[in-house]
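build me a model from this:
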Amino acid sequence: MSAALAIICRHCGSPLDFREGDRNTECPACGLCQAIRGDAGVARFVVDERVTETEARMLARKFLAADGIDRKVSSSLRYSGARLYFLPFWRLKGLATGWRYVEKENLVREETVDEDNGAKCSNIVQGPPIVEVESVSGLVDYNAPAASMAGFGIKGIALAASVLKLSGVDYPEMSRRGTVVDTIKSEEQVRKEAVAMASGVRGGSKALRSLTRVKLSSERMSLVYYPVWRMEFSLGRRVYPIVMDAVNGSVLKARFPGSVAMRLFQPLAAIAFTVYAFSLHKLAGVAALALLYWWINASMGDLSVAALARFFVGWLEQGKDVEHG
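Numbering: from 1, shown residues only. Model prediction:
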């Protein structure tokens, strides 16, 4: 059964409304009852965006103004556009059951008597290991990114997926609104990660050996797409991206220019100092000239004619880019 059947009735084509975890739904138009399953038996959901592009742009401007950027630099940033992305997250819910075997270090106090003088002494020695066997049982609610999130600044949506309304996936509609990011991580890998989390090796640093066997039952695997805005601002030839949560409007990741520092007549002052040094003594002038050369090279890293011209006439110096998230 295709993913489209999870959101459109296969009999009359009417849209279906259902909640996460529902396995069946009834069409409100024709009354047909049908299973909610996506490709490969995985239900697929999407969290609809609440923040429009206009609102995201306004919130980004407020963020830039509040984060200490020089006002002149902030106002000169040109808005280049935005793109809505739907980021995929695996979500696995089920019951973990199994057992855990742990061997712990056992230190015991051993008392001995000196046969010559009858004095007693005690020593801490290694005793037989303490063996513990316990059952493992608990609910599992595990979520993990299904693709690389390095450029978006978001790691998980465990709480969001629990409280926000989820709609069925309509890939053509989502593709019209933005970019649907392809999944990379497989279902099997998610199951292994969920089992490892449920196993939770215990015993502390004194555990000599442990063995855990856990299996998942009553498993419900789903794929949840979460919306984010990726906006771009430009200053000259530099592009500064800002990634914003399209549900609550918070900035997830951003890079923006640092504050501008005033270099009022610093190059001219350095030249005047060098000329004055030559007027005092030739050796002092040579030393001042060498110092000036080192300063220019360290500041610019480029001694071309154009770079030197920018250095000597420049009054303002752009600060280093600032990273957020």
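
what helices or strands is the strand ranked longest in the chain leaning on?
For the chain, the longest strand by residue count, based on DSSP state E, is strand 207-235. With contacts defined as 3 or more CB pairs under 8 Å, 6 or more residues apart in numbering; DSSP states H and E, the secondary structure elements packing on strand 207-235 are strand 43-46, helix 53-66, strand 78-104, strand 130-145, helix 187-199, strand 238-245. For glycine as for every other residue, the C-beta is placed from the backbone atoms N, C-alpha and C.

mind listing what's buried in it?
207, 212, 214, 216, 221-231, 233 (16 or more other CB atoms under 10 Å).

just how off-centre is that strand within its chain?
Per CA atoms, centre = their mean, to the nearest Å, the displacement of strand 207-235 from the mean C-alpha position of its chain is 12 Å.

not counting sequence-adjacent ones, nearest residue to Glu55?
Gly249 (6.9 Å; CB to CB, 6 or more residues apart in numbering).

tell me the SS of the one you found?
coil (DSSP: H, G, I helix; E, B strand; the rest coil).

likewise the one 4 residues further on?
Secondary structure, three-state DSSP: Lys253 is strand.

not counting its neighbours along the chain, what's nearest it?
Gly153 (2.9 Å).

who are the packing partners of the lengthiest helix in the chain?
Determined from DSSP state H, the single longest helix within the chain is helix 282-300. For helix 282-300, the elements it packs on are helix 266-280, helix 305-313, judged by 3+ CB pairs under 8 Å, 6+ apart.

give me the distance between Leu223 and Asn123.
60 Å (CB to CB, to the nearest Å).

picking that back up, let me see the backbone angles for the residue nearest to Lys253.
Main-chain torsions, Gly153, degrees, to the nearest 10: phi 70, psi 20.

tally of neighbours for it?
16 (other CB atoms under 10 Å).

how near is it to Pro28?
Gly153 is 39 Å from Pro28, by CB to CB.

now Glu219
Counting by CB to CB, the gap from Glu219 to Pro28 is 29 Å.

I'd assumed Ala82 was in contact with Arg57.
Yes. Contact criterion CB atoms under 8 Å: Arg57 and Ala82 qualify, at 6.8 Å.

give me the common contacts of those two.
Counting by CB atoms under 8 Å, 6 or more residues apart in numbering, the shared contacts of Arg57 and Ala82 are Met231.

how many neighbours does the residue nearest to Ser217 when sequence neighbours are not counted have?
Counting by CB to CB, 6+ apart, Leu95 is the residue found nearest to Ser217 once chain neighbours are left out, at 5.0 Å. Other residues near Leu95 come to 14 when the count uses other CB under 10 Å.

what sits against Leu95?
137-140, 216-218.

got the residues you listed as a markdown table, with distance to Glu110 columns?
Formatted as a markdown table, the contacts of Leu95 follow (distance: CB to CB, whole Å):
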| residue | distance to Glu110 |
| --- | --- |
| Ser137 | 39 |
| Gly138 | 40 |
| Leu139 | 45 |
| Val140 | 45 |
| Leu216 | 46 |
| Ser217 | 47 |
| Ser218 | 50 |
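
can you list the residues you listed in a markdown table and add pLDDT?
A markdown table is the format used below for the contacts of Leu95 (pLDDT from 0 to 100):
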| residue | pLDDT |
| --- | --- |
| Ser137 | 84 |
| Gly138 | 84 |
| Leu139 | 87 |
| Val140 | 86 |
| Leu216 | 84 |
| Ser217 | 84 |
| Ser218 | 84 |
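
great, nothing more from me.
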